[in-house]
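[1] Structure, please.
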Amino acid sequence: MSDVVAHFWMASDGVELAFHETGRGRPVILLHGLFSDANMNWIKFGHAERIAGEGFRVIMPDLRGHGLSGKPHEPEHYPPGILARDLRELIAHLGLGEFDLGGFSLGSRTTVEAVGEGLKPRRAILGGAGLEGLKHWERRKTFFLEAIELFDSVPRGDPHWLSIQFMKSQRIDRVSAALLLQSFADAFLDWLKAFTMPTLVVCGSEDDDNGSAEELAAGLPDAVFREVPGTHMSSVTKPEFGQVIAEFLVA
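    Got it, this is the predicted structure:
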């Protein structure tokens, strides 16, 4: 997409962060998954273009430690809850009032934390997320920290192998990635009570990486579940993923 523009801003701890923007209209903020970036999850496969075409200003941050954003190697830049804090600061930086908010995988977990701590989007999107995954992020964190530690020694077929290949393809900075992972904790399930706004839970038909998305949707006050083709890795590349989100936002 030729009309996607990258912008840079400074977080309160002095780290330069990036976000990408396209379209005009009501703002919708979309957060990418772990070891990915805005381009891989939202731009490359046409989702941002599809959503912008429905009259939205699509804002896609590169999370701290990812994409064009800063990747500091000092632990003090990765306190607990840092991604939700960065999100709140970006919203303040942009002066946003009414907005929609969603994410994929880690982006969903960050959305849950931010809403649970007080953000009030008009509508919310939780992609590639399940109830078990939110409850047990410590387990997921440990798995990915092991993958970083075993980065150069894991044979094909090892459970960590696919994650390591994806990290290599994305040229992940392993030092900053490990520090960011250390900042994660299990989600407080009380955060889900804050989802009083209409919420879309969208997940691949073969994606059980984070537990049951249907169970997550059933546990939210005002949620709908939509299934799209694919696994956790492939569902976000399918056109149906962006189409379902666009349809939800304009409903």
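
[2] Only C-alpha atoms from now on, for both contacts and neighbour counts.
    Will do.

[3] Does residue 90 lie in a helix or a strand, and which?
    Using DSSP states H and E, residue 90 maps to helix 82-94.

[4] Let me see the mean pLDDT of the helix or strand hosting residue 176.
    For residue 176, the host element (DSSP H and E) is helix 174-182. For helix 174-182, mean pLDDT rounds to 96.

[5] which residues are in contact with that helix?
    35, 64-65, 71-73, 75, 78, 141, 144-145, 148 (CA atoms under 8 Å, 6 or more residues apart in numbering).

[6] Now the phi/psi pair for residue 171, please.
    phi 50, psi 50 (degrees, to the nearest 10).

[7] Actually, residue 134.
    Per-residue torsions, residue 134: phi -70, psi -40 (degrees, to the nearest 10).

[8] contacting residues around residue 237?
    Applying CA under 8 Å, 6+ apart, the residues near residue 237 are 41, 45.

[9] what separates it from residue 49, distance-wise?
    13 Å (CA to CA, to the nearest Å).

[10] contacting residues around residue 72?
    Residues near residue 72 by CA under 8 Å, 6+ apart: 15, 65, 176.

[11] Stretch 54-74: which residues count as buried?
    55-73 (16 or more other CA atoms under 10 Å).

[12] quick one: it to chain centroid distance?
    Relative to its chain's centre, stretch 54-74 lies at 10 Å (CA atoms, centre = their mean, to the nearest Å).

[13] now stretch 34-45
    The answer for stretch 34-45 is 9 Å, by CA atoms, centre = their mean.

[14] Endpoint to endpoint, that stretch covers what distance?
    Stretch 34-45 has its terminal residues 17 Å apart, counting by CA to CA.

[15] outside of that stretch, which residues touch it?
    With CA under 8 Å, 6+ apart, stretch 34-45 has contacts from 1, 19-20, 30-33, 48-49, 60-63, 66-67, 104-107, 166-167, 170, 172, 177, 236-239.

[16] buried stuff in it?
    For stretch 34-45, by 16+ other CA under 10 Å, it's 34-43, 45.

[17] Select from these every entry located in helices.
    Among the buried residues of stretch 34-45, the ones falling in helices (DSSP state H) are residue 38.

[18] Among the buried residues of stretch 34-45, which one lies nearest to residue 96?
    residue 38 (19.5 Å; CA to CA).

[19] Show the pLDDT at residue 119.
    For residue 119, pLDDT reads 97.

[20] what's the closest non-adjacent residue to it?
    For residue 119, ignoring the flanking residues on the chain, the nearest one in space by CA to CA, 6 or more residues apart in numbering is residue 88 at 7.7 Å.

[21] As a check, name the ranges of all strands in the stretch 1-150 of the chain.
    5-10, 16-22, 26-31, 56-62, 100-104, 124-127 (DSSP state E, counting those that start in this stretch).

[22] Tell me which of these lies nearest to residue 84.
    Evaluated over these, closeness to residue 84 peaks at strand 26-31, with 10.6 Å, by CA to CA.
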